[in-house]
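**Student:** got a sequence here, can you model it:
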Amino acid sequence: MKLDKLVGERFKEKPSDCVIESHALMMRGGYMKDVAKGIYSQYMPLKRICRKIENIIREEMDAIDGQEVLFPVTLPASLWDESGRYESVGSELLRFSDRNKTKMILGMTHEEAAVQLVRDYAKSYNNYPFMIYQIQTKFRDEARPRAGLIRVREFTMKDAYSFHTSQEDLEAYYQVCYDAYNRIFARAGLPDVVTVASDSGMMGGSLSHEYMLLTPIGEDTIATCQECDYRANMEAADSIIENKKDAEDKTLTKTFTPNIHTIEEICEFLHSPLEKSCKAVVYQKNATDDYVVVFIRGDLDVNETKLTNFLGEEVHPAVITDDCGLNAGYIGPVNLKVAGDYTVIYDKSLQGTNNLSCGANEEEYHYTNLCMERDVPDAVYTDVAKIIENGICPACGKKAIRLSRGIEIGNIFQLGTKYTKSMNMQYLDAEGKSHYPIMGCYGIGVGRLAASVCELHHDDYGPVWPMSIAPWQVHLCCLRADDAEAKTYADNLYDELQKEHIEVIYDDRNVRPGVMFSDADLLGVPIRLVVSPRNMKESVVELSTRDKSIQDKIALNETVQTVKNLIAEMMKNLEA
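**Tutor:** Here you go, the predicted structure:
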C-alpha cells in the first residue's frame, strides 16, 4: 500500500471531544470517522486491525469445534416475544415496524436467533453437544456512548452459543471457552486481562464471567482481594459489613433538625459518624411507578444492579411528589407511610445495629437512637449495597478488598434453559423423554478489543500495535524521494517485501522527515525501515521498532531476511 493513496487524514491536534487516548489517537491517525453519536465508519487501517482480530477469534473458535454461522441484523419482534425479552429489555433495544406493519428489532444480541436456527435440527440427544458462532454487526441504543469504540451504539461482535444435554457437559465446555478466550486476548496483545465474576443482567443464567482490562479509564469497577484470588465486578460483588452494636440501647428520641435534608448534614448536626446513621434511598419501578424505599447504612451506596435483581424489574430514581406520603429529606423506617403500593427494603448493613440517626417522616425532625431490632422488628434484610474499598472479602473474609477500574472486552455466560424453555426447544433422550437443552453464551467485542489494545499500547506519539493485529507489519519510509538512488532502492525493497508476503505500507511522498515520521507513529506499525541518501552511502537501511526496543542499521542485501526473522520473533513472543 502506498501511503499517499491511503484514504483518511492524519493530524496533530487532539479532538476536543475525545476523553481517552485510544479515541483521540484513532481519530488523529485516520482510523475512523464519526457518523452519528456512537456510530463510526472505519478507514482501512482500523478495518485491517479488526479483520486480524476476527481471524484470531475464528482460529480459536474453530479449534474448539465452533461452527461459524450468520444471523440477521434485523429480526422479527415475534422471536423476542417468545423469549419474553421484547417487553422486558429497556430502551437499549431498537424497535421499529417495517412497511407491512410487522414489528421488528435491530439485534443487540442473538440468543433467540440461535435457538430459532437449531431447534428443528437438534431434536435428538445424538446431535449434542455443539457450538455455533458468528461475527456480526449489532446495534444497542446506548444512552451515553463515549470513549470512541469503548462504548458505542453500533458495533461488531463475536457471539457464540453452545448447546448441551447436561449441566456437567456445559461446565466442561465453559472451561474450554474460558481457556480459548485467554489465548485470544494474549494473541491480540492483552495477556494481562483478568476474569471477574459478573452479573448476568438481561442475558440471564446462573453463572457469568467478564474479561477485564484493568485501566483507570475503564467504565466498570472491579473488586479484587489482596489476600486471595477473589475478583468480581462491583455489580455482582457481595457486600459484607461488620455490623457493630453498642452495649446499651438508648431511648428512641425525636429531635428537631431545622433545614437539614441530607444524611451528611444530620450527622454533622448530631456530631455522629455516617456509619451510625440510617439513610433512605427512594426509587420507582419502571413499569408501574410504584415506590421502592431502600434503607441502608449512611456511609454506603445502593447497588442498583442488586436492587433490580432482587425486585425482578427495572427501577429509576424517584420523583417524590406532595401526595405520595414521603417527606423528602426526613424519610425513616419508623412510622413510614406511603400512598399506594410500595416496597421497603432493608440492607444487611443495618441488621443488629442500634443508636442510629434516621428520618422521622415529619418535616424538620429526625430520630436518634434507632434500634433496628426494637423499633423495626419486622424488617427482613438483603444485600443491596455496593462493596467498599478495604471491605471484607466474600471469599476469604479478610478486610482486603481493593477497587479498580476496568474495560470489559469479553464475557461468558451459563444460560441454562432460559431461552430453550421459553422458546420450546426440546430434544429426546435415549429413552424417548423430552428435555430442554442447556445453553452457554460467549461474546467478544471486536472494535472494543482493538481500542483496548490501543489504550494499553501507545505512547505520546501514537499507537504501538502488536505484530499480530497491526494494520501492516512494516512501514517503509523513503526520505528524499527526489534522490534517484534512494528511490530506486526503496521501490525495489517495496516489491521484494511484497513478494515475500510481508504486509508493507510505503511512504515515498516528497515531505519533510518530521511529517513522515509523525504519520508513521500514528499508524503504529511494528517495524520501520528508513531509506535515505545518507544511508545509501553507507549501504545500509535503518531499522527500528515502534516500541523503541530495536534501533539498528542493516546491510542492504540483508534487509528482507532480517525483517522476516524479526516478524517471526515478534509473533513467537505473542504466541508464547
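
**Student:** quick one, longest strand in the chain?
**Tutor:** In terms of residue count, the longest strand belonging to the chain (DSSP state E) is strand 401-416.

**Student:** look at A287 and tell me its secondary structure.
**Tutor:** Under DSSP: H, G, I helix; E, B strand; the rest coil, A287 falls in the coil class.

**Student:** any idea how far E264 is from D120?
**Tutor:** 61 Å (CB to CB, to the nearest Å). The way it works is simple: take the backbone N, C-alpha and C, and place the C-beta from them, glycine included.

**Student:** tell me which of the two has more neighbours.
**Tutor:** E264 (14 against 8; other CB atoms under 10 Å).

**Student:** how far off centre is the helix or strand containing that one?
**Tutor:** Using DSSP states H and E, E264 sits within helix 263-270. Between the centre of helix 263-270 and the centre of its chain there are 38 Å (CA atoms, centre = their mean, to the nearest Å).

**Student:** got it, and stretch 494-502?
**Tutor:** 39 Å.

**Student:** dump it to CSV, restricted to CA.
**Tutor:** Below are the C-alpha coordinates for stretch 494-502, written out as CSV (Å, rounded to 0.1, in the frame of the first residue of the first chain):
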residue,chain,number,x,y,z
TYR,A,494,8.9,-2.5,-1.5
ASP,A,495,8.5,-5.0,-4.3
GLU,A,496,10.7,-7.6,-2.6
LEU,A,497,8.8,-7.3,0.7
GLN,A,498,5.5,-7.9,-1.0
LYS,A,499,6.9,-10.9,-2.9
GLU,A,500,7.7,-12.4,0.5
HIS,A,501,4.1,-11.8,1.6
ILE,A,502,5.2,-9.2,4.1
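
**Student:** residues making contact with stretch 445-455?
**Tutor:** The list of residues contacting stretch 445-455 from outside it, by CB atoms under 8 Å, 6 or more residues apart in numbering, reads 20-23, 25-26, 46, 49-50, 53-54, 57, 135, 147-150, 152, 155-158, 185, 188-190, 213, 215, 217, 407-410, 463, 465-466, 469, 524.

**Student:** oh sorry, the question was meant for stretch 510-519
**Tutor:** L3, R10, K12, Y461, C477, L479, A481, D482, D507, R509.

**Student:** out of those, which end up buried?
**Tutor:** Buried residues within those, counting neighbours by 16 or more other CB atoms under 10 Å: L3, R10, C477, L479, A481, D507.

**Student:** show me where the stretch 1-150 of the chain has helices.
**Tutor:** 21-28, 44-63, 77-83, 85-88, 111-118 (DSSP state H, counting those that start in this stretch).

**Student:** now do the stretch 451-576 of the chain
**Tutor:** According to DSSP H, counting those that start in this stretch, the helices that the stretch 451-576 of the chain contains are 484-499, 513-523, 533-538, 559-575.

**Student:** any idea of the mean pLDDT for the first one?
**Tutor:** By that I understand helix 484-499. Regarding helix 484-499, the rounded mean pLDDT is 96.

**Student:** what does the second one give?
**Tutor:** Across helix 513-523, pLDDT averages out at 96.

**Student:** list the buried residues of it.
**Tutor:** Applying 16+ other CB under 10 Å to helix 513-523 flags M516, F517, S518, D519, A520, D521, L522, L523 as buried.

**Student:** columns distance to D246 on top of the contacts of stretch 510-519, output as CSV?
**Tutor:** Formatted as CSV, the contacts of stretch 510-519 follow (distance: CB to CB, whole Å):
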residue, distance to D246
L3, 73
R10, 66
K12, 63
Y461, 60
C477, 74
L479, 78
A481, 82
D482, 86
D507, 74
R509, 77
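
**Student:** can you name the two of those residues that sit furthest apart?
**Tutor:** Farthest apart among these by CB to CB are Y461 and D482. That separation is 26.4 Å.

**Student:** before we move on, the earlier item: ok, and for the helix holding E264, which residues are buried?
**Tutor:** I263, I266, C267, L270.

**Student:** spit out the contact partners of the nearest residue to P273 once chain neighbours are set aside.
**Tutor:** Once flanking residues are discounted, P273 sits nearest to C267: 6.6 Å by CB to CB, 6 or more residues apart in numbering. Listed by CB under 8 Å, 6+ apart, the contact set of C267 reads P273, L274, K276, S277, G298, S357.

**Student:** most neighbours among those, which one?
**Tutor:** Most surrounded of these: other CB under 10 Å gives S357, at 26 neighbours.

**Student:** what about that one, distance to N369?
**Tutor:** Taking CB to CB, one finds S357 at 8 Å from N369.

**Student:** overlap in contacts, the two.
**Tutor:** With CB under 8 Å, 6+ apart, S357 and N369 have no common neighbours.

**Student:** what about the chain, any weak spots by pLDDT?
**Tutor:** 198-207 (pLDDT under 70).

**Student:** can you count the residues close to R51?
**Tutor:** 14.

**Student:** and what of the one 3 residues further on?
**Tutor:** Under the neighbour criterion other CB under 10 Å, E54 is assigned a count of 17.

**Student:** now for it: which residues touch it?
**Tutor:** I135, T156, K158, V446.

**Student:** give me that answer again for 7 Å
**Tutor:** I135, V446 (CB atoms under 7 Å, 6 or more residues apart in numbering).

**Student:** so what touches stretch 553-560?
**Tutor:** Y489, L493, E496, L497, E500, L529, S539, V540, V541, E542, L543, T562.

**Student:** pull the distance from it to the chain's centre.
**Tutor:** On CA atoms, centre = their mean, the centre of stretch 553-560 falls 44 Å from the chain's centre.

**Student:** now that stretch - C-alpha only, CSV.
**Tutor:** Taking Å, rounded to 0.1, in the frame of the first residue of the first chain, the C-alpha atoms of stretch 553-560 are listed here in CSV:
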residue,chain,number,x,y,z
LYS,A,553,21.4,-0.4,10.7
ILE,A,554,21.1,-3.4,8.3
ALA,A,555,23.1,-4.2,5.2
LEU,A,556,21.1,-3.6,2.1
ASN,A,557,21.4,-7.2,1.0
GLU,A,558,20.3,-8.5,4.4
THR,A,559,17.2,-6.3,4.9
VAL,A,560,14.5,-8.6,3.7
